[in-house]
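Chemist: Okay, predicted coordinates and the sequence, questions at the end:
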Number of protein chains: 2
Amino acid sequence: MARNITSRQQDYSQWYLDVIKVAELADYAPVRGCMVIRPTGYSVWEEIQQVFDRAFKETGHVNAYFPVLIPSSFLEKEAEHVEGFSPECAVVTHAGGEELEEPLVVRPTSETVIGHMYSKWIQSWRDLPLLINQWANVMRWEKRPRLFLRTSEFLWQEGHTAHASKEEAIEETERMLEVYRRIMTDYLALPVVPGVKSEGERFPGAEETYTTETMMSDMKALQAGTSHFLGQNFSKAFNIQFQNKKEAMEYAWTTSWGVSTRLIGAVIMTHSDDDGLILPPRIAPTKVALLPISKDETMATGPLLSKARELAGKIESVIGDRTIVVDDQFHMRPGDRFFYHLQKGVPLRLELGEKEFEKGTVRAVRRDTGEKIDLPWDGIETKVHELLETIQEDLLNKARSFREMNTHEVSDFDDFKKTLDKKGGFIKTYFAGTKDDEKAIKEATGATVRCFPLEDKDARGKCFFTGKGDARMAIFAKSY
Amino acid sequence: MARNITSRQQDYSQWYLDVIKVAELADYAPVRGCMVIRPTGYSVWEEIQQVFDRAFKETGHVNAYFPVLIPSSFLEKEAEHVEGFSPECAVVTHAGGEELEEPLVVRPTSETVIGHMYSKWIQSWRDLPLLINQWANVMRWEKRPRLFLRTSEFLWQEGHTAHASKEEAIEETERMLEVYRRIMTDYLALPVVPGVKSEGERFPGAEETYTTETMMSDMKALQAGTSHFLGQNFSKAFNIQFQNKKEAMEYAWTTSWGVSTRLIGAVIMTHSDDDGLILPPRIAPTKVALLPISKDETMATGPLLSKARELAGKIESVIGDRTIVVDDQFHMRPGDRFFYHLQKGVPLRLELGEKEFEKGTVRAVRRDTGEKIDLPWDGIETKVHELLETIQEDLLNKARSFREMNTHEVSDFDDFKKTLDKKGGFIKTYFAGTKDDEKAIKEATGATVRCFPLEDKDARGKCFFTGKGDARMAIFAKSY
């Protein structure tokens, strides 16, 4: 166990903060609830951004930028939206040395201002679908901030699309959910459960909210991304109308969907251990650290270092530019150099000592399992690539097994409470309660409906809480 | 001349706004002074971002993210800085439903909050140099907004570095100026003049501000990017100290440098004509539009379209994915289809009509010159690539000749005023005046010192305004 990290068992919350601190991912900012994303953390965000951005473009979306300040009256145009967001808003009342006539809110999300612009841009069915995404900072004032998970300011992407028909808009909502599921699974190694939100957990102003829920290593749930079918709520509030093929005016159907820097929190809490951060290779900015090591300084800084650089060049040509670091921190002790990369979550460490040098090998050490494997120089680039892919796969499988092992089915409320108390994790059960029932369950147990999983969408049974029949399968859990 | 664009001669300001409007680059937002960057405009920004970001990383910089809100007391810690920026600030006074104890400003620039964080992160000479860049939105309240050039909110990058010695910090300031010069010249086709700012035009808090100045097609100057040597001003204000190799405490030397979405304004006003936008190929998101054209619909949507797609595939493999568009807007008239791409600034249009189809060619039409060239299908990918490179080069040369033609040397204030009045453009002359002299010249003529050009840094002569000897060569101009 690392000397500078609290163990998960001792204090999970403190462990999480310690992991972030020693990996230099983020810091609290001087403004309450805000964070500074440090270079190591930001480079992970850049990796994540790139994967999503490519997928958005491949599905026909384009990026744009809308203003950070929104007239406060805009929020009020959609009744549920203002109720949901105005308590969390930061408000600009003065600018350019004068008091403003109308206060402006720092965007908590951009449905309203984008709705306003769409009403100008959309005239005819030929302008549809309009498929726009924005990468931006947003602000929702937080009383109990937590780095990456809940901060007053965070970075995210928000997709906003407008369509000529309800069916097409629902199709888009589901398509983007699937993009999220695929990337979270294949790149972030998060075995997310795609599903539909209950009435009580829907986005303010949405007709239907889809979500990807995932289990952290303390068995709590985390909502990793959401995709909303907004019906005609925003198009009516902002008058987004178009002339259809029959030359009649119709309101457009809109969607929105987003993922945020919260994903970094999910990655940390899914994969890391008591020694610190573990990153899945596909989103690790540094995938490999290669360390020439010898007590003999001439040897270390001479033949070992130059061989290390040569091998790094070969490996880089397969795994990608700037994804391998040759460690020349010879002023540090070898153990400290190991720890440096280990705590930064680098998936694979390669050691090149005198013994390896003589044999023409390097010693590979997996960050996730600690397993050591000797790799011959010849063909090392392929071997390293394969090892990284194996680590990626193993991390996903491990997280999936953990979730499956900690998912329990129950059939009545007593069992629900007992299971949640004794075992925790995800509780699967049939549920047909109202928003008030959801509230009552939350007050009694702390757990909420995370989603109605899509994979069980046809399963029906008796509601564990109300006893009603024909209830859908739901997952309940305590959550972040 | 385009039907929907005012000519430059008639009204240059209106021409600029019309070009932006018909190319769908940007719109005014519902908040005064703010803009919406539309997909076409944003994709140009993405191209520009990529080029700069790559260059920053190649010169050893890493990205990070600092909070958008800054305690107002931070601004006050550096005397010139607060004087320069506080009149332009937007101020958050309420958040989370309560009045804040201390008002927060929306960042106009991040020297202060980054200085605060650097004082925590920097302890020893081993932590230096610290080379961080941030891509972000910033806000400076504008009473007279102008899309891309002066908006209350804009997007930019701000580099912030800390160094162990003055020499190293100056070297960094100059290195980044050179990165700017190179990219602006080679990619944006802006023949910028690198130089040093006068005392009156320096960044608030800087010891020296370097700039790249460029001439718009109305002969006014535009500051395209700046790089500041901040001395120890911010490290003293924020206590950024480090232990040097001799174990003594020292204040760090810092720099900052930035370019913004203003560059899009510079590109528009340098290259575009009365028909609308012209984009240099290297930053054009769409480099080529390929149009199958025939009155015979079966022909157009059949063999012509499929041949167009085949050729596009070949061309794309050389000039880059998603940089060529096959236009299938058959519901529009050919002239309108031409105009559609022309006004969006697409550098090269390829027409494939029945005549070309029979001959096995396409007709290439250059956006910048209107020149028409027939290209055989065989080897078309190489020819298109070469043509794009030629266009890139010609745009730069044309802009450079224009600047040279409109740069005039003068030796006294009478000549200065006459030349500025009759000819306009850049006025080159020796200058050794004070900040007050700069003010007097500006009040009398509207022109300011744009810079002391680096290429003339050793030239000395008699000051045109004060008559003092040993004055440096300066460029004066009216500016954006």
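Modeler: That came through fine.
Chemist: What is the burial count for A:Asn239?
Modeler: A:Asn239 has 15 neighbouring residues, counting by other CB atoms under 10 Å in any protein chain shown. All C-beta spots, glycine's among them, are computed from the backbone N, C-alpha and C.
Chemist: Likewise for the one 5 residues further on?
Modeler: Here the neighbour count serves as a burial measure; for A:Asn244 (other CB under 10 Å) it reads 14.
Chemist: Was I right to think it contacts A:Tyr251?
Modeler: No: taking contact to mean CB atoms under 8 Å, the distance of 10.5 Å between A:Asn244 and A:Tyr251 leaves them out of contact.
Chemist: Chain B versus A:Trp156, what's the distance?
Modeler: As for A:Trp156, its distance to chain B is 12 Å (criterion: CB to the nearest CB, to the nearest Å).
Chemist: pretty sure that residue is touching A:Ser260, no?
Modeler: Yes: with the criterion set as CB under 8 Å, A:Trp156 and A:Ser260 qualify as a contacting pair; they are 3.6 Å apart.
Chemist: These two: which has the busier surroundings?
Modeler: For the pair A:Trp156 and A:Ser260, the greater number of neighbours falls to A:Ser260 (21 against 17), based on other CB under 10 Å.
Chemist: Pick out the residue of the stretch 301-450 of chain A closest to chain B.
Modeler: When you check the stretch 301-450 of chain A against chain B by CB to the nearest CB, the closest residue turns out to be A:Arg322, at 7.3 Å.
Chemist: relative to its centroid, which residue of chain A is most remote?
Modeler: Within chain A, the residue lying farthest from the chain centre (CA atoms, centre = their mean) is A:Thr298, at 45.6 Å.
Chemist: which parts of the helix or strand bottoming out on mean pLDDT in chain A are buried?
Modeler: Of all helical and strand segments in chain A, the minimum by mean pLDDT, DSSP states H and E falls on helix A:79-85, at a mean of 84. Applying a neighbour-count criterion of 16 or more other CB atoms under 10 Å in any protein chain shown, the buried positions in helix A:79-85 are A:His81, A:Val82, A:Gly84, A:Phe85.
Chemist: dump the residue contacts of A:Ile174.
Modeler: For residue A:174 the amino acid is Glu, not Ile. A:Glu174 is in contact with A:Tyr210, A:Ser227, counting by CB atoms under 8 Å, 6 or more residues apart in numbering or on different chains.
Chemist: Can you give me the buried ones in the helix or strand hosting it?
Modeler: Element membership for A:Glu174, per DSSP states H and E: helix A:166-186. Applying a neighbour-count criterion of 16+ other CB under 10 Å, one finds A:168-170, A:172-181, A:183-185 buried in helix A:166-186.
Chemist: Out of these, flag the one nearest to B:Pro453.
Modeler: Checking those against B:Pro453 by CB to CB gives A:Ile183 as the nearest, at 49.2 Å.
Chemist: Distance check, that closest one against chain B.
Modeler: The separation that A:Ile183 has from chain B, given CB to the nearest CB, amounts to 19 Å.
Chemist: Is it correct that that residue is in contact with A:Phe52?
Modeler: Yes: applying CB under 8 Å as the test, A:Ile183 and A:Phe52 come out as touching, 6.1 Å apart.
Chemist: thinking again about what came up before, any chance of the buried residues of helix A:79-85 in TSV, with distance to B:Phe465 too?
Modeler: TSV is the format used below for the buried residues of helix A:79-85 (distance: CB to CB, whole Å):
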residue	distance to B:Phe465
A:His81	59
A:Val82	59
A:Gly84	62
A:Phe85	57
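Chemist: near chain B, which residues of the stretch 101-250 of chain A?
Modeler: Proximity of the stretch 101-250 of chain A to chain B, by CB under 8 Å from any CB of the partner chain, involves residues A:103-104, A:106, A:113, A:116-117, A:120, A:132, A:136-137, A:139, A:141-143, A:152-153, A:155.
Chemist: hmm, back to that, what are the C-alpha coordinates of the helix holding A:Glu174, in CSV please?
Modeler: Output in CSV follows, covering the C-alpha atoms of helix A:166-186 (Å, rounded to 0.1, in the frame of the first residue of the first chain):
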residue,chain,number,x,y,z
LYS,A,166,-40.9,12.5,-33.1
GLU,A,167,-39.6,9.1,-34.4
GLU,A,168,-36.4,10.6,-35.8
ALA,A,169,-35.7,12.5,-32.5
ILE,A,170,-36.2,9.4,-30.4
GLU,A,171,-33.9,7.5,-32.8
GLU,A,172,-31.3,10.2,-32.3
THR,A,173,-31.6,10.0,-28.5
GLU,A,174,-31.1,6.3,-28.7
ARG,A,175,-28.2,6.5,-31.2
MET,A,176,-26.3,8.8,-29.0
LEU,A,177,-26.9,6.7,-25.9
GLU,A,178,-25.4,3.8,-27.9
VAL,A,179,-22.4,5.9,-28.9
TYR,A,180,-21.9,6.7,-25.2
ARG,A,181,-22.3,3.0,-24.2
ARG,A,182,-19.8,1.9,-26.8
ILE,A,183,-17.1,4.4,-25.9
MET,A,184,-17.5,4.1,-22.2
THR,A,185,-17.2,0.3,-22.5
ASP,A,186,-14.5,0.1,-25.2
